[in-house]
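Student: Have a look; sequence and predicted model below, questions after that.
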Amino acid sequence: MSSADNLQDADLDRRVTAIGLTPRDEGGMQYRHVGRSGLVASAVGIGCFAFGGFVKQDAVQAVVDQALDLGINYFDTANSYGIGKSESALGLALEGAKRRRAVIATKFGNRMGDGPNDAGASRIAIVRACEDSLRRLKTDYIDLYQLHWPDRESPIEETLRALDDLVRAGKVRYIGASNLFEWELCEAHFTAEKSGLGKFISAQDFYNLLYRDAEKRMEPFCVKYGIGMTSYFPLAGGLLAGAYGRDAIVAGTRQANNPNTPAWQSERNWKVQAQLAVFAQERGWTLAQLSLAWLLSRPATFTVIAGADKPQHLTDNIRALEIRLSADDQTEIDRITLVDEDRTVAPVYRTLRPEKVHEFEPMQAARAGAPSRAAH
């Protein structure tokens, strides 16, 4: 037995009581329930998109080991990330006893082959995708299995029944969705309720300080019906990480290698980013820590997931948990970021019927210089 094993056994012995183990000190990590379910996830998670591709296996192992040591248990991947490479890399890194300490959230629905049933959310596609993911992840169950994109050619009841069967078979613990329109998430929720099927407990969508449209209708629905939210691109492809400056992308970085990087580079985004950077610096925070802390302050958010190329990124990200945004901070953030005209509400209603403008109360409060209701 190694010295490390002896230390672990000694730690275990110290924590044993008549009613079970006392909790391990996870170094300040916070945990939250995913929506109204019993599933508990770390407030900071790991986005695994680059695993097995830009991030090679040795680095994947280092990131995963550091994450578990820091108390991070939530790992977000998908079968289509690298067409299986991300799942395979994560499965290898978690193989053995580490698997039990992790919450694996993976996704299905994107095309994985050339056949007509190699994509979508039909029963045959879902079962096939699940079996393949289990094999790549080297596990016999998936903690959170998420519909990656809506399949509008497959009845939602067929999708939900197939997922419910996987839960009953023990291959999946919970189910979630990603990239659904609000009406589609609503349809799925009430179809499951009507048919006695398992409901989506989570929704993963595009949401960050530069793009706040999810607050208009998606977030209120999730709050009301107890669906946990997490977001992809929480740092806007590195723009909110302060990873690079205007026309100053470092060669060899993920930003430099990503053909999508230029898509973020609008004049509006750079102006907002610059003001947010100053706001964060004045308070002793990094822009990335502010961006993650702000997402964690949202009422339905259960975790924030950001990609990590090396262990140092994790120690930087978890410092976001130390940030407490005051009502004045929230109002100033609203003033900086809510700079676009609301084209979903007739302009005249903002003056004549302000009670109708529920989704843009933060914008109204920011312009008036008063704390917003959302900040309390």
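Tutor: Arrived safely, thanks for sending. Residues are numbered from 1 along each chain as shown.

Student: now the strand or helix carrying L292: mean pLDDT?
Tutor: Element membership for L292, per DSSP states H and E: helix 287-296. Here helix 287-296 scores 97 as its mean pLDDT.

Student: Stretch 183-200 now?
Tutor: Averaging pLDDT along stretch 183-200 yields 98.

Student: Next SSE downstream of the helix holding L292?
Tutor: Proceeding N to C from helix 287-296, the next assigned helix or strand is strand 304-307, under DSSP H and E.

Student: by contact count, what packs against that following strand?
Tutor: strand 44-47, strand 228-232, helix 287-296, helix 311-317 (3 or more C-beta pairs under 8 Å, 6 or more residues apart in numbering; DSSP states H and E). The way it works is simple: take the backbone N, C-alpha and C, and place the C-beta from them, glycine included.

Student: TSV for the ones you listed, including distance to I83 and mean neighbour count?
Tutor: Listed next are the helices and strands packed on strand 304-307 as TSV, based on distance: least, C-beta to C-beta, whole Å; neighbours: other C-beta atoms under 10 Å:
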stretch	distance to I83	mean neighbour count
strand 44-47	17	25
strand 228-232	18	23
helix 287-296	29	24
helix 311-317	25	17
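
Student: would JSON lines of those with distance to E153 be doable?
Tutor: Listed next are the helices and strands packed on strand 304-307 as JSON lines, based on distance: least, C-beta to C-beta, whole Å:
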{"stretch": "strand 44-47", "distance to E153": "29"}
{"stretch": "strand 228-232", "distance to E153": "24"}
{"stretch": "helix 287-296", "distance to E153": "33"}
{"stretch": "helix 311-317", "distance to E153": "38"}
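
Student: quick one: which of these is nearest R343?
Tutor: strand 228-232 (21.9 Å; C-beta to C-beta).

Student: Contacts for the closest one, please.
Tutor: Outside of strand 228-232, the residues within contact range by C-beta atoms under 8 Å, 6 or more residues apart in numbering are 32-35, 37, 45, 47, 76, 176, 178, 201-208, 214, 218-219, 222, 295, 298, 300-305.

Student: rerun at 7 Å
Tutor: 34-35, 201-208, 219, 222, 295, 300-305 (C-beta atoms under 7 Å, 6 or more residues apart in numbering).

Student: Quick one: buried ones out of those?
Tutor: 34-35, 201-205, 207-208, 219, 222, 295, 300-305 (16 or more other C-beta atoms under 10 Å).

Student: Now do the domain split for the chain, please.
Tutor: In terms of domains, the chain is parsed into 30-324, 326-376 (source: automatic domain parsing).

Student: Of those domains, flag the one that's most buried.
Tutor: By mean neighbour count, with neighbours taken as mean count of other C-beta atoms under 10 Å, domain 30-324 ranks first of the domains of the chain at a mean of 19.

Student: hmm, back to that, between the domains of the chain, which gets the lowest average pLDDT?
Tutor: Lowest mean pLDDT within these: domain 326-376, at a mean of 73.

Student: Backbone torsions only: list them for the closest residue to A43 other than its chain neighbours.
Tutor: With sequence-adjacent residues excluded and distances taken as C-beta to C-beta, 6 or more residues apart in numbering, A43 is closest to Q30, at 4.1 Å. Main-chain torsions, Q30, degrees, to the nearest 10: phi -100, psi 150.

Student: Confirm for me that Q30 is in contact with L321.
Tutor: Yes. The criterion here is C-beta atoms under 7 Å, and Q30 meets it with L321 at 5.6 Å.

Student: between those two, what contacts are shared?
Tutor: In terms of C-beta under 7 Å, 6+ apart, Q30 and L321 are both contacted by the residues A43.

Student: out of the helices and strands packed on strand 304-307, nearest to L276?
Tutor: That would be helix 287-296 among those, by C-beta to C-beta, at 6.1 Å.

Student: That closest one packs against which elements?
Tutor: Applying 3 or more C-beta pairs under 7 Å, 6 or more residues apart in numbering; DSSP states H and E, we find helix 287-296 packed against helix 267-282, strand 304-307, helix 311-317.

Student: I'd like a version of the ones you listed in TSV, one that adds distance to K171 as further columns.
Tutor: Output for the helices and strands packed on helix 287-296, formatted as TSV (distance: least, C-beta to C-beta, whole Å):
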stretch	distance to K171
helix 267-282	41
strand 304-307	23
helix 311-317	30
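
Student: nearest to D69, of those?
Tutor: Closest among those, once you apply C-beta to C-beta, is helix 311-317, at 9.0 Å.

Student: helix or strand right after the closest one?
Tutor: Following helix 311-317 in sequence, per DSSP H and E, is helix 327-337.

Student: So what angle separates the directions of that following helix and helix 267-282?
Tutor: 150 degrees (axes from the mean of the first three to the mean of the last three C-alpha atoms, to 10 degrees).

Student: just checking, next helix/strand downstream of helix 327-337?
Tutor: helix 347-352.

Student: quick one on the thing from earlier: output the domains of the chain as a markdown table; include the columns distance to L21.
Tutor: Converted to a markdown table, those look like this (distance: least, C-beta to C-beta, whole Å):
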| stretch | distance to L21 |
| --- | --- |
| domain 30-324 | 14 |
| domain 326-376 | 37 |
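
Student: circling back: so what touches the helix holding L292?
Tutor: 43, 208-209, 231, 234-235, 240-242, 276-277, 280, 301, 304, 306, 316-317, 319-320, 323, 325, 333.

Student: cool, stretch 54-64 as well?
Tutor: Contacts for stretch 54-64 (C-beta under 7 Å, 6+ apart): 46, 51, 89, 92-94, 254, 257, 308-311, 314.
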